[in-house]
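K.L.:
Here's my sequence, what's the structure:
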Amino acid sequence: MFFHLYTAECGTFYAIVLITAAVVADELLYFEREILEEGFRTSAATLRLLATKCRRAPGHEASTVRSNS
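P.N.:
Sure thing, here's the model as predicted:
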């Protein structure tokens, strides 16, 4: 059935695939909201920590470009 839809009505097949992906993404975002929010908070904290370490790294100032004018 899916092969026939893919070969005979390719545009319809892609529309169904995109709609299905959107519905699944919407359901995951709705029902797994708390888990995703915690993951984003953890990722943001990790990125802030890495950015702080990069700023404090020795020789960081030497990597900036200076003009000779």
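K.L.:
CA atoms only: put the helix or strand hosting T7 into CSV for me.
P.N.:
Assigning secondary structure by DSSP states H and E places T7 in helix 2-8. What follows is helix 2-8, C-alpha atoms only, in CSV (Å, rounded to 0.1, in the frame of the first residue of the first chain):
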residue,chain,number,x,y,z
PHE,A,2,2.8,2.5,0.9
PHE,A,3,4.8,1.5,-2.1
HIS,A,4,1.8,2.0,-4.4
LEU,A,5,1.2,5.4,-2.8
TYR,A,6,4.9,6.3,-3.2
THR,A,7,5.0,5.3,-6.9
ALA,A,8,1.5,6.5,-8.0
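K.L.:
average pLDDT across it?
P.N.:
If you average the pLDDT over helix 2-8, you get 86.
K.L.:
Relative to the whole chain's centre, how far out is the biggest helix by length in the chain?
P.N.:
For the chain, the longest helix by residue count, based on DSSP state H, is helix 33-56. The chain centroid and the centroid of helix 33-56 are separated by 14 Å under C-alpha atoms, centre = their mean, to the nearest Å.
K.L.:
Report the rounded mean pLDDT for that helix.
P.N.:
The average pLDDT for helix 33-56 rounds to 76.
K.L.:
Give me the contacts around the helix or strand hosting I19.
P.N.:
Using DSSP H and E, the element containing I19 is helix 10-31. Contacts to helix 10-31, defined as C-beta atoms under 8 Å, 6 or more residues apart in numbering, come from residues 2, 5-6, 36. From N, CA and C alone the C-beta is placed, and that goes for glycine too.
K.L.:
what pLDDT does I16 get?
P.N.:
93.
K.L.:
before we move on, what about A21?
P.N.:
96.
K.L.:
where's it relative to T46, distance?
P.N.:
Computed as C-beta to C-beta, to the nearest Å, the A21 to T46 distance reads 28 Å.
K.L.:
Over to V24?
P.N.:
Between V24 and T46 the distance, using C-beta to C-beta, works out to 27 Å.
K.L.:
same deal with E32?
P.N.:
The value you get for E32 to T46, if C-beta to C-beta is used, is 20 Å.
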